[in-house]
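Chemist: Sharing a sequence plus its predicted fold:
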Amino acid sequence: MFKNINMSLFYFTLIMGTMISISSNSWFGAWMGLEINLMSFIPLISEENSKTSTESALKYFLSQAIASSMLLFSILLINNINIQQMTEIILNSSLLLKMGAAPFHFWFPEVMEGLNWINSFVLMTWQKIAPFILTYYCINTKFIMLAIMFSIILGSIGGLNQTNMRSLIAYSSINHIGWMLSSLLISINYWIIYFSIYTMISLSIISMFMNTNIFYFNQLFTNLNINPISKFLLLCNFLSLGGLPPFTGFLPKWLIIQNLSTNFTFITIIMVIFTLLTLFFYIRISYSALTINSSMISWNKTESNSINFFTMMMNYLSTFMLILIIFFYSIF
């Protein structure tokens with residue numbers, strides 16, 4: 001009982017810290033909100049009798065403490081006109097380290113490996129809101145373009161040799177961070193669209209993983225808790241996360257390519273090319289899961305457990321929302 005009350009309190013302060021950061025009138029207030037958010041998330045990811053979660057909590061704390069120190073240092077220098085550009089780079093670097101963008105991504109996959117799926121979802125989505133909004137307030141276009149290229153390239157290449165689902169989702173998230181940073185170069189409205197669709201697809205995939213208790217690739221082939229329809233929807237969501245049309249994940253990338261290619265042609269080409277690598281390892285997983293038979297003996301198979309209604313509806317919505325949008329757009 002008391003544990004549930006404590007968790008509810010920490011989730012409340014987690015949300016409050018983010019709200020303080022994005023609504024603050026000063027950089028010191030934004031820093032204070034980020035610290036509240038950090039101190040609320042540490043107890044949530046530290047589980048009892050779990051060495052992996054404790055290790056992840058320590059790595060997360062150290063990396064975020066370094067980012068907070070850099071942010072506070074840049075705040076102290078922000079009024080010095082002589083080093084204005086250097087201050088902006090330090091400020092942007094601290095926020096990129098906060099969100100786990102490349103080349104400051106060293107902590108992100110390692111922390112993800114030790115978390116459960118709920119905390120992984122929070123780390124991939126909610127914990128990135130405040131750093132993205134603050135980056136938009138002080139964006140340095142040239143430096144952010146370098147971060148976009150590093151995030152797209154390293155996020156794509158890093159996911160090629162992964163067998164752990166959480167590590168794969170982490171590198172995929174780094175790739176999506178590059179796309180979301182590029183949306184900030186256009187408008188905050190495009191970032192909201194991309195982030196909302198990315199959150200919805202991630203929620204549907206992670207809820208399926210939680211229901212079926214999947215953590216590694218080979219469990220997609222041998223796990224009997226997932227029925228064929230659920231597996232098909234899960235793999236469609238993988239392709240949607242990779243940005244394959246006509247799935248929902250293609251919509252925000254389509255919008256960004258259309259609006260970014262006029263002023264940033266070269267970086268758009270790099271983004272498209274290396275996102276094909278991300279799509280490659282998602283297609284590889286989907287093809288293997290659909291074609292390789294289960295290694296279990298047929299007469300030992302039990303009845304597949306039914307997936308709950310919320311998970312099924314999220315999978316349907318996140319997979320086929322783009323088709324519905326095109327249908328209604330053609331009508332009206």
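Modeler: Arrived safely, thanks for sending.
Chemist: CA atoms for contacts and neighbours, from now on please.
Modeler: OK.
Chemist: pLDDT-wise, which helix or strand of this structure ranks last?
Modeler: helix 309-331 (a mean of 59; mean pLDDT, DSSP states H and E).
Chemist: and the nearest residue to residue 261 once chain neighbours are set aside, which of the three is it?
Modeler: Excluding its sequence neighbours, the residue lying closest to residue 261 (C-alpha to C-alpha, 6 or more residues apart in numbering) is residue 268, at 5.8 Å. For residue 268, the assignment made with DSSP: H, G, I helix; E, B strand; the rest coil gives helix.
Chemist: dump the residue contacts of residue 268.
Modeler: 257, 260, 261 (C-alpha atoms under 8 Å, 6 or more residues apart in numbering).
Chemist: pLDDT on stretch 99-112, on average?
Modeler: Stretch 99-112 comes out with an average pLDDT of 92.
Chemist: For it, buried residues please.
Modeler: 99-105, 107-112 (16 or more other C-alpha atoms under 10 Å).
Chemist: Mind putting those residues into a markdown table with distance to residue 205?
Modeler: Compiled in a markdown table, the buried residues of stretch 99-112 are given as follows (distance: C-alpha to C-alpha, whole Å):
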| residue | distance to residue 205 |
| --- | --- |
| 99 | 21 |
| 100 | 21 |
| 101 | 22 |
| 102 | 24 |
| 103 | 26 |
| 104 | 26 |
| 105 | 22 |
| 107 | 23 |
| 108 | 19 |
| 109 | 18 |
| 110 | 20 |
| 111 | 19 |
| 112 | 15 |
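Chemist: Identify, from those residues, the entry nearest to residue 209.
Modeler: Nearest to residue 209 among the buried residues of stretch 99-112: residue 112, at 14.4 Å, using C-alpha to C-alpha.
Chemist: Assign that closest one to helix, strand or coil.
Modeler: Secondary structure of residue 112, reduced to three states by three-state DSSP: helix.
Chemist: From what I see, it and residue 164 are in contact.
Modeler: No. Residue 112 sits out of contact with residue 164 when judged by C-alpha atoms under 8 Å, with a separation of 10.2 Å.
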